[in-house]
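A.B. asks: Quick one: sequence plus predicted model below, questions after.
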Amino acid sequence: MDSQVLILFIVLAAVLVGLVSLFFVRAGRARGLEDYPETRDADDPAPGDSADSASGTADSGGSADSGGSVALAEEERTAAAPDKAAEGAEDSATAVETPEPVAGRLARLRARLVKSNNVFGRSLLALLASDDIDEDVWEEIEETLLTADLGTEPTMELVDRLRERVKVEGSTDPDRVRAMLHEELTALIDPAWDRSLNVEAAGRPAVVMVVGVNGVGKTTTVGKLARVLVAEDKDVVLGAADTFRAAAAEQLATWGSRVGVPTVKSDVEGADPASVAYDAVDAGIEHEVDVVMVDTAGRLQNKANLMDELGKVKRVIEKRSEVDEVLLVLDATTGQNGLNQAKVFSEVVNVTGIVLTKLDGTARGGIVVAIQRQLGVPVKLVGLGEGPDDLAPFDVESFVDALLEDR
Ligand SMILES: Nc1nc2c(ncn2[C@@H]2O[C@H](COP(=O)(O)OP(=O)(O)OP(=O)(O)O)[C@@H](O)[C@H]2O)c(=O)[nH]1
């Protein structure tokens, strides 16, 4: 009799434990990414970690390589966006910023573009406004375009076409010549490119990788872009695969937390970046977010081992998901040097879009043309300042308008 009571008691206890754990699992799922475990042990494979990643190949991803645990930053777990947060997180959600809507950003930032390209536009228009555009004037025009980093071939093309039109139309009316210049510059920059970001993927998160040399503004761009996506009501996860620089992951997590976006990062300095990237994508898939953005460490294009590592980061992500967009960040102030970077990065990770940063600090806007020509990849975004909302979609008309604005 005693033993029957004991068995009954054990069975009842087991049923009770089962019910309680089921409740917690469901509640956890309903709460979403903010309940992602704070740390995941290095030896504990990431959920959905592929067989490949565990196989120990050179390209393998997953937590086993990360050299430590992967954690969501403390801030982002407490600063989830209001509509995505657990009910109990409402208080902390009040601290989350509302990013500026994307529409009209370039209009706001136009003054900066105008200011920095003042010399370019003014001297071109002044030259073209002369009654008699002789050989010397055409040469000066050429020089101005070259100084603006338009590149030799596009400069020659532009000058030839303008010369031809001025000759054929026989007009030196400044307004007319200015309109011709506007048309020719627009044609050179080419409005036909598809400049939309690939941030929609059916049935899984879109994956965006951000690459480039040191200090060009990668982390800042990921942060600003997270704001753009949040403003468009997307769920985003950031992956801090810049494991070289100790402060980089924190910097990224801070950007994310400002708009309630979580960051997957390693708490071990020098951890395998491919592993962190894999974990970020994995977390994004598991929590059914819209976009995972992976920030990578700055690397010189002539360091073969670092470029190999970047290739590996992409290949490891691809074990878990397609990579939809590879954004190469270029600093506009570095001029033609950006072209070499673009070429090498493109060979390694198949760049799909350019982000041109620091365009607020240079009159070398012509680099847009040179890059697109050489690379066959469109400029999709421009950085026009250090402020959180100083990133705008690249729009050809507004760009040329700003270059040739009356001052
Ligand atoms: N003026 C201006 N500054 C910018 C722009 N974008 C980024 N910056 C600044 O450029 C500096 C470097 O930016 P980061 O985002 O840290 O650059 P990074 O490429 O991630 O750097 P590493 O990780 O060291 O390679 C920071 O001071 C940014 O504020 C921009 O569009 N305009």
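C.D. replies: Arrived safely, thanks for sending. Just so you know, these numbers come straight off a predicted model, no measurement behind them.

A.B. asks: show me the contacts for D331.
C.D. replies: Contact analysis of D331 by C-beta atoms under 8 Å, 6 or more residues apart in numbering lists G215, V216, G217, G338, T357, K358. (C-beta placed from N, C-alpha, C; glycine too.)

A.B. asks: name the element the second one belongs to?
C.D. replies: Read it as V216. Using DSSP states H and E, V216 sits within no helix or strand.

A.B. asks: Correct me if wrong: it contacts T333.
C.D. replies: No - V216 is not in contact with T333 according to C-beta atoms under 8 Å; the separation is 9.6 Å.

A.B. asks: the more surrounded of those two?
C.D. replies: With other C-beta atoms under 10 Å as the criterion, V216 and T333 differ in neighbour count, and V216 comes out ahead with 26 against 19.

A.B. asks: mind checking how far that one is from L356?
C.D. replies: The spacing between V216 and L356, counted by C-beta to C-beta, to the nearest Å, is 10 Å.

A.B. asks: residues bridging contact with those two, i.e. touching both?
C.D. replies: In terms of C-beta under 8 Å, 6+ apart, V216 and L356 are both contacted by the residues L330.

A.B. asks: what residue ranges in the stretch 301-407 of the chain score low on pLDDT?
C.D. replies: In the prediction, the stretch 301-407 of the chain carries residues with pLDDT under 70 at positions 406-407.

A.B. asks: Which part of it gets nearest to the ligand, residue-wise?
C.D. replies: When distances are taken as C-beta to the nearest ligand atom, the stretch 301-407 of the chain approaches the ligand most closely through G383, which lies 2.4 Å from it.

A.B. asks: so how many other residues sit close to the nearest residue to that residue once chain neighbours are set aside?
C.D. replies: Nearest non-adjacent residue to G383, counting by C-beta to C-beta, 6 or more residues apart in numbering: T357, 3.4 Å away. Under the neighbour criterion other C-beta under 10 Å, T357 is assigned a count of 28.

A.B. asks: Show me the strands in the stretch 151-300 of the chain, by range?
C.D. replies: Applying DSSP state E, counting those that start in this stretch to the stretch 151-300 of the chain gives strands spanning 206-211, 236-241, 263-266, 291-296.

A.B. asks: for the ones you listed, which one sits closest to the ligand?
C.D. replies: Across those, closest to the ligand is strand 291-296 (C-beta to the nearest ligand atom), at 6.9 Å.

A.B. asks: which residues in the stretch 151-300 of the chain form helices?
C.D. replies: Counting by DSSP state H, counting those that start in this stretch, the stretch 151-300 of the chain has helices at residues 152-169, 174-189, 218-231, 246-258, 273-286.

A.B. asks: looking at the strands of the stretch 151-300 of the chain, which is buried most?
C.D. replies: Stretch with highest mean neighbour count among the strands of the stretch 151-300 of the chain: strand 236-241 (a mean of 32; mean count of other C-beta atoms under 10 Å).

A.B. asks: where in this protein is pLDDT low?
C.D. replies: Looking along the chain with the criterion set at pLDDT under 70, you get 1-3, 11, 13-95, 115-119, 406-407.

A.B. asks: can you pull the contacts of the residue of the stretch 151-300 of the chain found nearest the ligand?
C.D. replies: Using C-beta to the nearest ligand atom, the closest approach of the stretch 151-300 of the chain to the ligand is made by G298 at 2.2 Å. Residues in contact with G298 (C-beta under 8 Å, 6+ apart) are G212, V213, N214, G215, V216, K218, D242, F244, R245.

A.B. asks: Which two among those are spaced furthest apart?
C.D. replies: Maximum pairwise distance among the contacts of G298 (C-beta to C-beta): 14.5 Å, between V216 and F244.

A.B. asks: Give the closest residue to N214 in space, chain neighbours not counted.
C.D. replies: Spatially, and ignoring its direct neighbours in sequence, N214 is nearest to G298 (3.1 Å; C-beta to C-beta, 6+ apart).

A.B. asks: Great, nothing more from me.
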